[in-house]
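Asker: Can you look at this prediction? I've put the sequence above it.
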Amino acid sequence: MPERLIAPNTPEALKPLVAEGAIPLRRVWAMLALRSGVTFTLLLTLAAVFSLAGRPDAVAASAAWWLWFVTVANIASLLLMRRFARLEGLRMRDIFFASKSTWKGDLIWAFVFMLGTAVFALLPGTFLATALWGDATYPNEMLFQALPLLAVYPLFALMPATQALAELPMYWGYVAPRLQAWGMGRWLAIAIVGGTLSLQHMFFAFQPDWRYALWLAVKFLPFALWTGFIVDRRPTALPYLMGLHFLIDATLPVLLLLVSMGIPLQ
């Protein structure tokens with residue numbers, strides 16, 4: 001019997017927990033909304049502080065701290081996943097779909113994921129920015145704003161590590177299997193979870209500019225759906241996707257550091 005059918009974190013294995021009331025549907029929806037809610041709350045709170053201090057660009061100034069907002073959301077995600085996994089009789093390794101026996105096939109799927117990522121993670125944002133502003137690099141100036149250098153250095157360790165452990169496992173290791181265990185079809189689950197994964201970026205670094213908000217909200221949609229497809233087809237590849245995700249997000253503090261040092265990204 002394939003491991004997918006007997007692993008403890010699959011929809012099939014979770015259905016008895018749903019029937020017993022051990023996985024409330026409201027918990028699953030709350031976890032789906034958690035990252036967007038935490039980051040947007042932090043952004044608006046800091047914007048209110050800046051506004052009270054008399055800054056006319058309070059929201060934009062607050063959005064400059066978005067990598068810190070994401071880091072806080074990552075920590076909250078990890079703590080809640082750990083807590084809920086214990087309540088459901090699971091371990092975090094189950095949420096990660098960690099498996100020693102399938103590594104050869106998992107590496108093949110990770111390679112397939114990497115090939116698709118080169119297309120789905122980069123090109124849509126570039127094309128959309130060109131369509132909206134006529135300049136593929138324009139929104140990067142809004143996304144990456146200078147911070148004090150002492151606020152940037154800790155992000156090199158904190159942000160990519162927590163992001164790799166939290167984001168994909170939250171959406172595809174925790175939420176998606178439980179939506180399916182509640183009876184949702186796999187393609188609808190991929191669409192809803194993938195759409196939320198993409199949309200969350202608007203809340204990370206929101207600014208009151210509709211083109212910028214649209215760009216943030218949808219530029220990662222193809223990548224999010226692609227990730228969901230890969231994990232659905234090969235759940236045990238998730239740890240390898242997490243590793244690749246770490247490498248991708250490790251570049252973000254570097255970009256922030258460059259901007260904070262006065263070096264333009266263009």
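Answerer: Received the coordinates, thanks.
Asker: Now I108: phi and psi?
Answerer: Main-chain torsions, I108, degrees, to the nearest 10: phi -60, psi -50.
Asker: how deep is it tucked in, by neighbour count?
Answerer: 13 (other C-beta atoms under 10 Å). Heads up, the C-betas are built off the backbone N, CA and C, glycines and all.
Asker: just the helices in the stretch 1-150 of the chain please.
Answerer: Counting by DSSP state H, counting those that start in this stretch, one finds helices in the stretch 1-150 of the chain at the ranges 3-6, 11-20, 25-52, 58-63, 66-87, 92-95, 103-120, 123-133, 138-143, 149-152.
Asker: got the contact list for the next helix or strand after the last one?
Answerer: Right, helix 149-152. With elements assigned by DSSP states H and E, the helix or strand that comes after helix 149-152 is helix 155-168. Residues outside helix 155-168 that contact it (C-beta atoms under 8 Å, 6 or more residues apart in numbering): 35, 67-68, 70-71, 73-75, 77-78, 81, 197, 227, 231, 238, 241-243, 245-247, 249-250, 252-254, 256.
Asker: which one of the helices of the stretch 1-150 of the chain lies closest to F203?
Answerer: Taking C-beta to C-beta, helix 25-52 is the member of the helices of the stretch 1-150 of the chain nearest to F203, at 3.9 Å.
Asker: From the contact counts, what lies against that closest one?
Answerer: helix 58-63, helix 66-87, helix 186-204 (3 or more C-beta pairs under 8 Å, 6 or more residues apart in numbering; DSSP states H and E).
Asker: 10 Å instead, please
Answerer: Under the contact criterion of 3 or more C-beta pairs under 10 Å, 6 or more residues apart in numbering; DSSP states H and E, helix 25-52 touches helix 58-63, helix 66-87, helix 155-168, helix 176-181, helix 186-204.
Asker: Which one of those lies nearest to E12?
Answerer: With C-beta to C-beta as the yardstick, what comes closest out of the helices and strands packed on helix 25-52 is helix 176-181 (7.9 Å).
Asker: farthest residue from the center of the protein?
Answerer: In the chain, the greatest distance from the average C-alpha position (C-alpha atoms, centre = their mean) is reached by G54, at 32.8 Å.
Asker: do you know how far that one is from A61?
Answerer: Noted for G54: a distance of 11 Å to A61, by C-beta to C-beta, to the nearest Å.
Asker: likewise A30?
Answerer: According to C-beta to C-beta, A30 and A61 sit 30 Å apart.
Asker: again, but for A213
Answerer: A213 is 17 Å from A61, where distance means C-beta to C-beta.
Asker: same thing with G37?
Answerer: Distance, G37 to A61, using C-beta to C-beta: 21 Å.
Asker: Specify which residue of these two has the higher count of neighbours.
Answerer: Neighbours were counted for G37 and for A61 using other C-beta under 10 Å; A61 has more, 18 against 15.
Asker: right, and that one touches F50 too?
Answerer: Yes - the criterion here is C-beta atoms under 10 Å, and A61 meets it with F50 at 5.0 Å.
Asker: for the spatially closest residue to R234 that is not a sequence neighbour, what are its contacts?
Answerer: Leaving aside its chain neighbours, R234 sits nearest to W109 (4.2 Å; criterion: C-beta to C-beta, 6 or more residues apart in numbering). Neighbour list for W109: 102, 230-231, 233-238, 240-241 [criterion: C-beta atoms under 10 Å, 6 or more residues apart in numbering].
Asker: Kindly supply the PyMOL command isolating those of these that are buried.
Answerer: Buried subset of the contacts of W109, written as a PyMOL selection, criterion 16 or more other C-beta atoms under 10 Å:
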select buried, resi 102+230+231+234+235+236+237+238+240+241
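Asker: still on that earlier bit, which one of the helices of the stretch 1-150 of the chain lies nearest to M261?
Answerer: Nearest of those to M261, taken as C-beta to C-beta: helix 149-152 at 7.3 Å.
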